[in-house]
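Enquirer: I'd like to go over a predicted model; first the sequence, then the structure.
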Amino acid sequence: MLNKEFYGRKQYLGVLEKRVNGLKHGYRQNLAIIGDELVGKTSLIFKFLDKFYDNNVITLYLEIRPEPLNLFAKRFIGVLLYNFLANSGIPLREDVDFLIRKSEKFIPKTTEKIRSILSGSSTRKKNTCFIELLTLCDSINQETGKCCVVIFDEFHNLENMGINNLYREWSKLIMLQKNTMYILISSLKYKAKLILAKNLSLLFGNFELISVEPFDVRTSEGYLVNKLSNLKLEPGLKNFIVHFTGGFPMYLELICEALVKSNNTNLTEILESMLFDNSGILNQRFSNYIKRFLDTPRSQDYISMLYLISNGNNKIHDIAHILHKTKKEVASSITRLAENDIIVRSGDLFKISDRVLGFWIKFVYQEKLTSLTFDAKNQKNLFRNNIEGMIQEFLFDARKPLVDRMAELLRLFEDETIQIEKKKLKLNHFREIKSLDFGYRNFKKGLLGRSTDSLWIMAFKPEQLNEEDITEFAKECKKYRHKLQRKIIVTFQEVDANARLRALEEKILTWNLDNLNQILDLFSKPRVIA
């Protein structure tokens with residue numbers, strides 16, 4: 001059971017446990033874990049390693065960082081032997097030579113190979129040395145029967161070690177290593193997917209891809225309730241924090257710590273100290289982050305595009321018009337930003353991956369850039385006003401009925417295409433939008449949107465959907481004889497398997513809270529927290 005300091009990752013922990021247990025029984029499934037920076041990938045692994053114990057499995061966790069291959073080799077060997085001896089009863093030291101001496105009576109052949117690798121690590125070809133390191137897992141298995149789980153955090157950094165044919169040689173080895181499981185972690189989602197699809201797409205030993213997402217609404221709420229239990233913060237402000245952070249664990253943690261430490265419920269002051277002040281932890285982080293663009297060609301274009309996207313101008317033709325550039329030029333820069341995981345594309349629309357970074361670009365970085373005379377006091381007041389405006393807009397929208405908020409959203413559609421759960425969806429420009437009153441007891445209110453060539457029929461049910469709901473909604477939709485119908489039910493709960501299957505049969509889309517908030521994000525509208 002997870003302790004109170006760990007939230008919302010049970011499904012990921014379940015997969016890790018299942019796959020590692022499968023390794024012991026002869027079923028090896030490699031894993032690739034990807035996700036944005038700060039989303040909690042490494043914390044997830046540490047939590048798993050903290051609670052996992054099996055004397056027949058050796059786990060190796062290595063953060064891949066810029067260093068010579070001979071230093072990486074020492075770290076790899078040190079971690080391997082330390083964890084091999086972890087349950088031997090021998091008092092251990094983090095010293096490679098000591099660990100080799102203590103291990104040789106248990107695994108003499110493996111330690112002989114280790115000495116050979118270390119003595120020649122500076123003269124061997126790098127690709128030979130790297131592959132020899134990985135085969136140590138096979139050697140230990142042959143001598144002891146123990147399996148190995150090798151975890152490389154930010155694995156793409158292996159490319160910086162100058163290993164020739166890295167993936168070609170490694171992929172050959174992976175296919176043969178039936179008793180070694182790899183878990184690869186990366187914050188560069190685009191690049192990692194490319195490597196997995198192109199370089200590590202194997203006949204045997206393929207990688208199962210796990211995308212670690214930010215906390216969902218309910219997990220974020222639970223986190224705040226626990227962390228702020230002794231602080232009298234208004235529910236509306238707690239909901240705003242969920243919306244503002246987008247569920248990123250680090251941002252939730254930083255805001256909670258600041259609120260508790262100061263015993264201050266003035267959220268505006270807390271965000272000001274973090275994001276606006278020069279010494280603020282997030283201001284410094286984002287300032288360093290943005291510097292990576294300043295020394296590159298077209299740096300100003302990138303910065304301008306990020307500002308426009310953060311400000312709601314998130315279509316290529318809008319950006320091209322504002323910057324007086326061709327669509328082709330804009331598309332090229334947009335592609336570069338997407339490849340670096342700074343923005344996310346959904347069909348024709350874009351958004352900045354990190355919501356808090358987007359806010360900082362819009363209200364801190366850009367304001368300082370465009371300031372004619374740097375008046376710190378004036379800028380601070382402007383920043384405070386912007387935060388207060390965001391909070392008030394969020395609280396105002398939160399009081400509206402969901403059907404009204406959805407009607408406002410539908411009015412913003414202009415025939416764009418977006419992507420929801422890997423499916424493309426055209427957001428028709430509606431010439432008529434009106435509310436509907438259903439006779440069915442489980443959902444009474446709905447919306448109808450009529451465009452030139454399509455009819456949208458929407459129903460809302462905050463509670464869990466069941467098969468009966470799907471059947472009744474399908475009957476309601478049949479009252480409208482338009483051939484091109486888009487039938488949608490919005491629910492705040494997960495849809496059970498039977499209801500989902502029935503919805504597929506009836507060609508009804510079921511949107512949960514995450515789907516709905518994804519669309520609201522694309523149109524710069526406050527999220528629904530329910």
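Expert: Thanks, I have the structure now. Quick caveat: nothing in here was measured; it's all calculated off a predicted structure. Residues are numbered from 1 along each chain as shown.

Enquirer: use CA for all of it now, contacts and neighbours both
Expert: Noted.

Enquirer: what ranges do the helices span in the stretch 1-150 of the chain?
Expert: 10-24, 41-51, 69-84, 96-103, 108-120, 126-144 (DSSP state H, counting those that start in this stretch).

Enquirer: out of those helices, deepest packed?
Expert: Mean neighbours per residue, mean count of other CA atoms under 10 Å, is largest over those for helix 69-84, with a mean of 20.

Enquirer: what's the angle between it and helix 108-120?
Expert: 160 degrees (axes from the mean of the first three to the mean of the last three CA atoms, to 10 degrees).

Enquirer: sorry, back to before: looking at the helices of the stretch 1-150 of the chain, which is closest to residue 480?
Expert: Nearest to residue 480 among these is helix 10-24; the distance by CA to CA comes to 40.8 Å.

Enquirer: Kindly reformat the helices of the stretch 1-150 of the chain as a markdown table containing mean pLDDT and distance to residue 224.
Expert: Listed next are the helices of the stretch 1-150 of the chain as a markdown table, based on pLDDT from 0 to 100; distance: least, CA to CA, whole Å:
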| stretch | mean pLDDT | distance to residue 224 |
| --- | --- | --- |
| helix 10-24 | 93 | 18 |
| helix 41-51 | 93 | 18 |
| helix 69-84 | 95 | 36 |
| helix 96-103 | 95 | 43 |
| helix 108-120 | 92 | 49 |
| helix 126-144 | 92 | 43 |
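
Enquirer: Tell me which of the ones you listed lies nearest to residue 470.
Expert: Short answer: helix 10-24, nearest of the helices of the stretch 1-150 of the chain by CA to CA, at 27.2 Å.

Enquirer: measure residue 280 to residue 489 for me?
Expert: Noted for residue 280: a distance of 43 Å to residue 489, by CA to CA, to the nearest Å.

Enquirer: Who has more neighbours out of these two?
Expert: residue 489 (22 against 15; other CA atoms under 10 Å).

Enquirer: tell me the average confidence for the helix or strand where the more buried one lies?
Expert: Assessed by DSSP states H and E, residue 489 sits inside strand 485-491. Strand 485-491 shows a mean pLDDT of 93.

Enquirer: And this structure, what are its domain boundaries?
Expert: With domains defined by automatic domain parsing, the chain comprises 10-211, 217-265, 281-398, 402-513.

Enquirer: List the contacts of residue 37.
Expert: Residue 37 makes contact with residue 187, according to CA atoms under 8 Å, 6 or more residues apart in numbering.

Enquirer: which residues does the spatially closest residue to residue 353 that is not a sequence neighbour contact?
Expert: Residue nearest to residue 353 in three dimensions, not counting chain neighbours: residue 343, with 5.0 Å by CA to CA, 6 or more residues apart in numbering. By CA under 8 Å, 6+ apart, the residues touching residue 343 are 337, 350-353.

Enquirer: what's the pLDDT at residue 3?
Expert: So, for residue 3, pLDDT stands at 38.

Enquirer: Check the offset of the longest helix seen in the chain from the chain's centre.
Expert: Longest helix in the chain, counting residues (DSSP state H): helix 376-398. Relative to its chain's centre, helix 376-398 lies at 27 Å (CA atoms, centre = their mean, to the nearest Å).

Enquirer: counting contacts, what elements does the helix or strand just after it pack onto?
Expert: Tracing the chain C-terminally past helix 376-398 and defining elements by DSSP H and E, one meets helix 402-410 next. The contact analysis (3 or more CA pairs under 8 Å, 6 or more residues apart in numbering; DSSP states H and E) places helix 402-410 against strand 432-437, strand 445-450.

Enquirer: Residue 99 is nearest to which of the ones you listed?
Expert: Closest among the helices and strands packed on helix 402-410, once you apply CA to CA, is strand 445-450, at 67.8 Å.

Enquirer: for residue 207, what are its contacts?
Expert: Taking CA under 8 Å, 6+ apart, one finds 29-32, 196, 200-201 in contact with residue 207.

Enquirer: one more time with 6 Å, if that's ok
Expert: Residue 207 makes contact with 30-32, according to CA atoms under 6 Å, 6 or more residues apart in numbering.

Enquirer: For the stretch 251-400 of the chain, just list every one of the helices.
Expert: 267-271, 281-294, 299-310, 316-323, 327-339, 355-360, 366-370, 376-398.

Enquirer: contacting residues around the third one?
Expert: Contacting residues not belonging to helix 299-310 are listed as 293, 358, 362 [CA under 6 Å, 6+ apart].

Enquirer: what stretches of the protein score poorly on pLDDT?
Expert: Along the chain, the model assigns pLDDT under 70 to residues 1-6, 121-125, 203, 371-375.
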